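> What follows is a predicted protein model with its sequence.
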Amino acid sequence: MAATVGLDRLTVIPKPTVAALITGDELVHQGPSGPGQVRDAIGPMLPALITQAGAHLPAGINHLGDSLDELTRGLRESQADLTLVSGSSAAGPADHLRQALTALGAELVVDGVACRPGHPQALAQLPDGRLILGLPGNPFAALVAFLTLGVAAIARMRGLPLAELPQIAIPGGVHCHPTSTRLVPVRLTPDGAVPIGHDGSAMLRGPATADALAVVTPGPTKAIAARLLTSAGTTPWAG
Ligand SMILES: Nc1nc2c(c(=O)[nH]1)N[C@H]1C(S)=C(S)[C@@H](COP(=O)(O)OP(=O)(O)OC[C@H]3O[C@@H](n4cnc5c(N)ncnc54)[C@H](O)[C@@H]3O)O[C@H]1N2
Ligand code: MOO
């Protein structure tokens, strides 16, 4: 098309690159989990999310143990524009993200987001400008964190505006959180959105079977309308 209108030089923005570091000594990657084990549910969902957000994942999914050294090395060696780290965003003895960021001289740009699930997410910038996004270990919380800060970071790296979220009625109402924005899996009907439950932060059943997520603003009681996270190309539900 550029050639047909006689253009010889074009400004292009390359697709951002993303790396994924999945941490957790308790994680297994095949078959059912045994005592003290958890099947990794974040690694399998990230490639499609990253592609839908418009980025590449050239080095695939990397699995790390729960040590500060391993995480610091993984972050230092990552060449990606945006590195995702799951499972070390909180403040427990095996949660090393903040210490690793300090060791690398990173600036913590966002330290927690007032949303449920997903509030321990963190966004940091290394001295050379590359970004690091901490995803909470609970799988629905990790999904929400990617959709909240991950999609926004990738959109801005691509020079794109953030998607406007349409409003939708919730005829039966939905409970608000007093101080945080709730992300609620919903089914879409001709009358509006209907919450489908199974929305605990460790659960993927609700989001996996939802048509979209309702973005419910904080309030004292129930909301009868919400914004809808469903715009094409940015969510797992886009058709
Ligand atoms: N002092 C605080 N502690 C915690 C807070 C807080 O704000 N302050 N928030 C809680 C919330 S909410 C969440 S969510 C978790 C996030 O913790 P981490 O990101 O450090 O994650 P872990 O503790 O390693 O894991 C939490 C939970 O998820 C399981 N997990 C981890 N990775 C995976 C995976 N890839 N696939 C499936 N499940 C995974 C892990 O086994 C744990 O059960 O922090 C709370 N604590
Ligand atoms: O981010 Mo946590 O409970 O919201 O899973």
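Yep, that arrived. Numbering: from 1, shown residues only. Ligands and ions are numbered 1, 2, ... in the order given.

> residue contacts, the residue of the chain found nearest ligand 2?
The minimum distance from the chain to ligand 2, using Cβ to the nearest ligand atom, falls at Ser201 (2.7 Å). Just so you know, the C-beta spots here come from the backbone N, C-alpha and C atoms, and that holds for glycine as well. Residues in contact with Ser201 (Cβ atoms under 8 Å, 6 or more residues apart in numbering) are 116-118, 136, 138, 140-141.

> Keep only those of the residues you listed that are in helices.
Per DSSP state H, helices hold the following members of the contacts of Ser201: 140-141.

> By neighbour count, which of the contacts of Ser201 wins?
Tallying neighbours with other Cβ atoms under 10 Å puts Gly118 at the head of the contacts of Ser201, with 27 neighbours.

> Could I get the pLDDT score of it?
As summarised for this prediction, Gly118 has a pLDDT of 97.

> isn't there a helix covering Leu46?
Yes - residue state for Leu46 (DSSP: H, G, I helix; E, B strand; the rest coil) corresponds to a helix.

> In contact with it, which residues?
By Cβ under 8 Å, 6+ apart, the contact list for Leu46 reads 20, 57, 61, 84, 146.

> how about the closest residue to the fourth one other than its chain neighbours, secondary structure?
Using Cβ to Cβ, 6 or more residues apart in numbering and skipping residues adjacent in sequence, the residue nearest Leu84 is Ala20, 4.7 Å away. For Ala20, the secondary structure call by three-state DSSP comes out as strand.
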